[in-house]
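> I need the structure of the sequence given here:
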Amino acid sequence: MIVSQGTFSPPDDPFAISFEDFTRDTNVNIHSAFVAAQQAVAGFAQLPESASRTFIYTGNVLNVAILPRFLEMGVGKSGAAHMMWAASAAYKDRGYR
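Model prediction:
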């Protein structure tokens, strides 16, 4: 299970968090999801034809809404959502969801 990481910035200063915290948080929310999805696709290719090929990635409202104090978490959720939408379109002909 991938757990979201977050550093809260002041609501009136979203860039007050450090670059190191921003990088750590986006590593968790984007990069780890990328590796998990990449491994799922590699595994899907080895499954028998009758097997379901569904990768479930849950999120929250942060890919479509701006909430004060959640800058890097919104960036992470938006990046991961984009990645999942792109993968869904790219792999649909293979039956991957």
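> pLDDT score assigned to residue 41?
As predicted, residue 41 sits at a pLDDT of 96.
> Report the mean per-residue pLDDT for stretch 20-27.
Stretch 20-27 carries an average pLDDT of 90.
> no, scratch that, I was asking about stretch 53-73
Stretch 53-73 carries an average pLDDT of 89.
> Start the count at 835 instead of 1 going forward.
Right, with 835 as the first residue, what we last looked at is stretch 887-907.
> so where does the closest residue to residue 894 other than its chain neighbours fall, helix or strand?
The shortest distance from residue 894 to any non-neighbouring residue, by Cβ to Cβ, 6 or more residues apart in numbering, is to residue 911 (6.4 Å). In short, each C-beta sits where N, CA and C put it, glycine included. Using DSSP states H and E, residue 911 sits in helix 905-925.
> And that helix, what does it pack against?
Under the contact definition 3 or more Cβ pairs under 8 Å, 6 or more residues apart in numbering; DSSP states H and E, helix 905-925 sits against helix 853-860, helix 866-878.
> now those as CSV including distance to residue 900 and mean neighbour count?
Output for these, formatted as CSV (distance: least, Cβ to Cβ, whole Å; neighbours: other Cβ atoms under 10 Å):
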stretch, distance to residue 900, mean neighbour count
helix 853-860, 16, 14
helix 866-878, 21, 15
